[in-house]
Structure formats: C-alpha cells, structure tokens
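Q: structure here, sequence nowhere to be found:
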Ligand code: EPU
C-alpha cells in the first residue's frame, strides 16, 4: 500500500515530508513498487533508518522502506557460519545477536546506527573493520523486477564507497536492496589494529598473551563511541558528516607541515577530516541551531529547529574554511535526498 505525505524519521531530526512511501516485506512487494513507480513516473529510493541522510523538506518520488528483518542460517561448518539478513534489521541488534550466538567478526562495528540494508551502501566501517570483509552477497531487485544476487566483488567496495552509492548518482532506475549475506567466524580472532581500541585494553604497541574476547571488544567499542559520539536521541546527528580525505604523498607531506598527521592508506595517505576541521577552528562552533560536536568535530548537530538548508550551509562554511587553510576538499559523507 502506498502512503502519501509521510513524515520521514531521520537521526538529524530534520522535518521532511515524502510524497509517497511504501513498505516492502517481500520480492513481490518490491516488484509491485517498481511497477507503480514506472506507471506514475516516480523515482524509487530505499530509505533505512535515516541515520546517514540529509532529508530536504519535501522528498519526491517513491520512498521504499524494507521491513524484512529475519536472520537465517544458510550454511555452517566448523569454522564459519553464513547468514542471510533482511535489510530492515537494525544493524546494532544484529551485531549483538551474532555475538550471543558466538559468531564473530562484527564486534568492531557495534553501535553503528542504521539498518542492515544501508550498511553495504556506504560500506560501514569502524575501528579497523569494514562490512566488506564479511559480506558474501547482496540481494537486490533491479529495475526490470528481477531478483539478483550481487557478489562482494560486484559491490566494488571502497572506503565509505560502493557500487550502490555510485549507481544512485548515475542512474534513475531503482536498485532495491532486500537483504545481505554475511560470513562470520566461529573462532574468535579480534581485530585490535585501531589505536583507540588498543589503548582501551592497555595494549599500546605491545602484544599481550591474553587477548580480549570479541564481546569485550564490542563493549570497548560501545564505550569509546559513547564517549566521543553524541547519541542522536539526545543530540540529533548523522554521524561523520565528511569523509576522511585520501591524498597523494606530496599533498600529505604539505598537510603534515601544516599540523595534520596523515597516515598511510593503500598507496596513498588518509588525513583525519576531524583534525582539519579542528585546526580550522570549527570544533564546538555553532551557527543558530547547527553546530560542530565539541568532542568530535566531524559530527554536525541539529540543536533544535535547524533545516536541511541550515545544515548544508554550515557544512559548506566548514568546507570553505578547510579549503582556504589546507587546499583540500572535504566530501560530504551522508547522501542528500530531495
Ligand atoms: N581528532 C581531532 N580532534 C578531535 C577529534 C578527533 O583532531 O576533536 C582527530 C584525532 O587525530 C583522532 C582522529 O581525529 O585521532 C580520529 O578520530 P576518530 O577515531 O573518531 O576517527 P575518525 O577518522 O574521525 C572514523 C569514521 C567513524 C568511525 C571512526 C572509528 C569516517 C568518516 N569516520 O572517524 O565513522 O567510527 O573512524 O573507526 O571515516 C561514521 O561514518 O559516521 C563514523 C562515525
């Protein structure tokens, strides 16, 4: 059933009304939605829990919300388990449930807001792990209504990037994500590569003989995130608002001289956008109801009645300041939906 003029939930607490919304619980529902979209010339877009989007006051087309949230085992052996998860499942709930079953691998991705269906779009990542490492395939319904399994290679994952992000920018035909297949380990092998996480366990650069359990890693990640990142329920936000720029060695050297600390990333260097924003004097700053979070300037907050335009103007001012100081362009991380 298609609903009209629906207020869209989003973690930035922006007022946004969608012209048409449909809830999708099966492949058949997805096919019906595509047919309806084609008949009425509506563009179709998937929306998860609204944790990584900037919603304009009016959103046109047909917004599809996938409700299917089952978790089922596809195969299992001594070392691994392969599970299919509906796109509508809450991500953090899934992480907890997998740990309860002693299925490991997602612990570093604890407390990331949003739904399972949104996870591959931006290749969610935190504390040294990305979903790409555990993803086997993504079930999508294409514009012609056919159900298709995209392999991890088809998804073309990169840092906060995927085929889905690029597809959304380049195509008008829909590609609805209905679920993902993940392979997890039955043997605990924790990833403590991220500095903050090593610090939490008093590891520094040293190896310790007794490593924390995956559940302990999950708990530490939750503690670190709670300390640094604002709870959207209290301070509406969309997580990191900009991507960390990936730069060539020459530019990285230049930024190093200006006070930033680039670190190697593949053949290039990644620079902390938070640090560039901080060094540009924006940490804790506020214009009207939009502000930069004092503990993590990469996060923008709606302190009250900010509009999407207020948030985008504020982000634009940050981008301009950072560019003036460092000649580096900060790219927006959330998608804008209008
Ligand atoms: N920093 C500052 N000033 C600050 C805060 C941080 O200079 O006030 C610098 C420090 O150098 C610090 C560095 O930023 O060491 C890194 O901070 P953090 O560990 O929070 O990582 P991040 O690069 O800012 C990324 C992700 C987060 C993810 C964390 C942990 C992106 C765009 N963001 O943030 O993801 O949780 O790493 O892995 O890659 C999200 O995507 O919404 C998100 C929160």
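A: Arrived safely, thanks for sending. Keep in mind the model is a prediction, meaning the values are calculated, not measured.
Q: I'd like to know how many residues surround residue 190.
A: Residues within reach of residue 190, counting by other Cβ atoms under 10 Å, total 21. Using the backbone N, CA and C atoms, a C-beta is placed for each residue, glycine as well.
Q: and it, how far from the ligand?
A: Distance of residue 190 to the ligand, given as Cβ to the nearest ligand atom, to the nearest Å: 15 Å.
Q: so what's whatever residue of the chain ends up closest to the ligand up against?
A: Minimum separation of the chain from the ligand (Cβ to the nearest ligand atom) falls at residue 239, amounting to 2.4 Å. Contact analysis of residue 239 by Cβ atoms under 8 Å, 6 or more residues apart in numbering lists 11, 51, 52, 112, 113, 229, 299, 333, 334.
Q: apart from its neighbours in sequence, what residue is nearest residue 174?
A: Nearest residue to residue 174 in three dimensions, chain neighbours excluded: residue 44, at 3.6 Å (Cβ to Cβ, 6 or more residues apart in numbering).
Q: what residues are up against the one you found?
A: By Cβ under 8 Å, 6+ apart, the contact set of residue 44 is 33, 34, 37, 61, 62, 64, 174, 176.
Q: what sits against the residue nearest the centre of the chain?
A: Residue closest to the average C-alpha location in the chain (Cα atoms, centre = their mean): residue 124, at 4.5 Å. Contact analysis of residue 124 by Cβ under 8 Å, 6+ apart lists 91, 109, 112, 114, 118, 130, 131.
Q: hang on, isn't residue 270 packed against residue 243?
A: No. Using Cβ atoms under 8 Å, residue 270 is not in contact with residue 243; the gap is 9.5 Å.
Q: now the common contact residues for the two.
A: Common neighbours of residue 270 and residue 243, counting by Cβ under 8 Å, 6+ apart, are residue 159.
Q: what residues are bridge-paired with residue 7?
A: Here residue 7 sits in beta bridges with residue 17, going by DSSP bridges.
Q: can you give me the pLDDT of it?
A: pLDDT, residue 7: 97.
Q: show me the domain layout of this protein.
A: Under the assignment automatic domain parsing, the domains of the chain span 2-66, 71-185, 237-332.
Q: turn those into a markdown table, columns for distance to residue 224.
A: Converted to a markdown table, those look like this (distance: least, Cβ to Cβ, whole Å):
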| stretch | distance to residue 224 |
| --- | --- |
| domain 2-66 | 18 |
| domain 71-185 | 8 |
| domain 237-332 | 11 |
